[in-house]
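S.K.: All I have is the shape, not the residue letters:
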């Protein structure tokens, strides 16, 4: 008996570099399909947002994911950067919803906790865990690893939700 796999795209949005990862998952096993990052060019924000929408749309069309996970915006110290990140995130979400994908949103802390086991994990820990979990023969670049981690987090959340164990994930807390 074969278990149905779901193709998932994870997006780590950025106004200068947007990472992505595509996996197939049955809820227990995650299989690497592809990953990478889009280097965003252009001087003006509208031009960069259009590029994010276009590139993510092309990736979705090529790899045909069935659902999408994306990182939520967090505000640290620089409000201007958070606003740009939010707009980049919006362009990526629009690409997903334009392709009729359901979109799951996860905090950075929830993503790290899902893949490393602790919400305060650093970039290198996420990279190494993606290499290990997905049996990669390379260490993915930071944004690429984050895209893969978001896809794995989304796969885990979908699986647990399908079992009726969780109704909401908010701020990394299972309810």
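M.R.: It's in. Remember, it's a predicted structure, so these values are computed and weren't measured experimentally.
S.K.: Quick one: low-confidence residue ranges for the protein.
M.R.: Counting by pLDDT under 70, the chain contains low-confidence ranges at 1-2, 75-76, 165-175.
S.K.: at 90 instead, please
M.R.: Counting by pLDDT under 90, the chain shows low-confidence ranges at 1-4, 27-28, 43, 73-83, 159-175.
S.K.: the helices in it, which residues?
M.R.: Along the chain, the stretches classed as helices by DSSP state H are 45-63, 79-98, 108-115, 123-133, 142-162.
S.K.: Flag every buried residue along the second one.
M.R.: What that stands for is helix 79-98. For helix 79-98, a neighbour-count test (16 or more other C-beta atoms under 10 Å) marks 84-85, 87-96 as buried. All C-beta spots, glycine's among them, are computed from the backbone N, C-alpha and C.
S.K.: List just the nearest of the residues you listed to residue 74.
M.R.: Closest approach to residue 74 among the buried residues of helix 79-98 (C-beta to C-beta): residue 85, at 8.6 Å.
S.K.: Would you mind confirming that the closest one is in contact with residue 11?
M.R.: No: in this structure, residue 85 is not within contact of residue 11 by C-beta atoms under 8 Å, at 12.0 Å.
S.K.: Would you tell me which one of the helices of the chain is buried the most?
M.R.: Across those, averaging neighbours per residue (mean count of other C-beta atoms under 10 Å) puts helix 142-162 on top, at a mean of 24.
S.K.: which helices and strands sit right next to it?
M.R.: In this structure, helix 142-162 makes packing contacts with strand 6-12, strand 17-25, strand 30-39, strand 67-71, strand 102-106, helix 108-115, helix 123-133, judged by 3 or more C-beta pairs under 8 Å, 6 or more residues apart in numbering; DSSP states H and E.
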